[in-house]
Structures are given as structure tokens and as C-alpha cells.
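**Q** this one's structure only:
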């Protein structure tokens, strides 16, 4: 019901094509529910359902986490096309080592196969970066097996999975964040240029919402700038409406709405909005 009323059809057109895709995703989800015995399974089914649409705008996010995870005592990040060990708590795997393959499959191929189960679009650099963070953190997904044996620096290594508290894992992840600047604000640089830092399109508290409202209310003042930089590093997305509100104030509603529809073939933007 939610997808039928709110999907913006930027990627998949409406009508018969959409109906078939939605029906197939629902059938798969109904089959997957037979594997659900705990919250991890429930979360996995919803992620795979979202991934069936192969659209980065369709995603399920949970704003809480288990008390503990399993991990093989190392963290991986996707950097310049390679999967790099950035944190290691085991002498068997050195910090800075490269993950080449797991369970007999090149790492890129394995991540492409896993992507739909994690609600991601396979083949994208953003997908590889996202799954590199989670491939070696077991959150009890029953729809696919966690890696058991990997080729690391071209050496076969059996992974030794062990428990870690989520608070400890969160701290380790924070130390290796690709970009962590939560402030949304407008700054001025050069003789007549503006730098608009947009940390998120999904404010999680009143302060983040206020920051976004502030850049919306000041957007029209930027129209005479020679250059406007929109800085979305580390921005994980959110609601389409926040960014559209900023653009409407910057360019004017008529201009913005025309290009949002004509360029992306979105008519109407939300199906429930006449």
C-alpha cells in the first residue's frame, strides 16, 4: 500500500510493468517469511523486499540495533576499488590487508549476489561501499550464509567468528567513518561563492531539522552567487521532500518542479498527490 501510494517512479514506470514487479516482490516476501523465527529474519525479509525493486530510493532502515553481533575480528572498507581491512583484532589478518575473494568467489561478485538481500542495487560503487561495512558483521540474516573462508592478501584464511557488543562495534565503526560531519549549513567562500553542506536528507532530531529549515529559508539569498557547491559527502539520503524544498526556494517552485518532472519523467511526483 505504501509503495503504491508514495513510490515516485523515477526508475520504474507505473502501470502493468510496476504491477508485475510489485506482485513478484510480494510473492517472494511471502515465501521468505517461512524462514522468520526472530527479529533478524524479519529485518532480512523486509530488506530483500526493498531490494527487489533495484532502486536506491526504496530502502528499509531500522534505527536500532541488537545488543551483540558476531564478527571475524576485523572491519573492512571499500577504498579506491579495493576491500581493505581497516581494523583488526586478530594476528592472523593484518591491518591494511586486501580481501580478494570469499568462499571461492571474487569479492565483487559475492557482493553483487548479496546486494538484493541487503536492499541494495548490485553493481554500484555505493553498494560496494555499503556492503563492505556489513559483509563481515553478522546480524543473523537467514537468507544467505556469512563468509567462512576468504582469500586475504592472496592467502586463504578461515574466518573465526566471535561475539562483540554492539556498543564496541559502533565505536570501532565511528573511528573509520568515511565522512562524519553532521552539520547542515550555508557557508560563504571566495569573493562571491557559497558552500552548502547538507549532512542528511533525513533529520533525526529537532536540531538537525532546524538546520535544514535554516538553509531552506536562506536559499533564495544565494541566487546571485557565482558558484554554489552542494556538499553531500556522507549523506545517506532520506526524504525527497527536504531537498526539493531547498531547491524550490533556490530556483523558485515553477522552475524546480518543471525540471524535477520533465527531466526525470516523474508525473506526478507522488501518486497520491493530484
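**A** That came through fine. Because the structure is predicted, anything quoted here is derived from the model rather than measured. Numbering: from 1, shown residues only.

**Q** count of neighbours near residue 251?
**A** By other C-beta atoms under 10 Å, the residues close to residue 251 number 16. Backbone N, C-alpha and C define where each C-beta goes, glycine included.

**Q** do residue 203 as well
**A** 18.

**Q** pull the longest helix from this protein.
**A** helix 16-32 (DSSP state H).

**Q** could you give me the buried positions within the very next helix or strand once past that helix?
**A** Next along the chain after helix 16-32, taking DSSP states H and E as the criterion, comes helix 39-51. The neighbour-count check on helix 39-51 (16 or more other C-beta atoms under 10 Å) flags 41, 43-51 as buried.

**Q** so, low pLDDT: which residues of this structure?
**A** 9-10, 261-274 (pLDDT under 70).

**Q** give me that answer again for 80
**A** Per-residue confidence for the chain (pLDDT under 80) gives these ranges: 1, 4-14, 56-57, 64, 177-181, 236, 240, 259-274.

**Q** and the residue nearest the centre of it?
**A** residue 236 (5.6 Å; C-alpha atoms, centre = their mean).

**Q** got the contact list for it?
**A** For residue 236, the contacting residues are 200, 202, by C-beta atoms under 8 Å, 6 or more residues apart in numbering.

**Q** could you pull up phi and psi at it?
**A** phi -90, psi 10 (degrees, to the nearest 10).

**Q** same thing with residue 182?
**A** Backbone torsions for residue 182, taken as degrees, to the nearest 10, come to phi -80, psi 0.

**Q** distance of it from residue 176?
**A** With the distance defined as C-beta to C-beta, to the nearest Å, residue 182 ends up 17 Å from residue 176.

**Q** what's the neighbour count on the residue lying closest to residue 84 once chain neighbours are set aside?
**A** Closest residue to residue 84 apart from its sequence neighbours, by C-beta to C-beta, 6 or more residues apart in numbering: residue 77 at 5.7 Å. Neighbourhood size, residue 77 [other C-beta under 10 Å]: 17.

**Q** just the one 10 residues further on next, same as before
**A** If you count neighbours by other C-beta under 10 Å, residue 87 ends up with 16.

**Q** contacting residues for it?
**A** Contact partners of residue 87, counting by C-beta under 8 Å, 6+ apart, are 74-75, 95, 172, 175-176.
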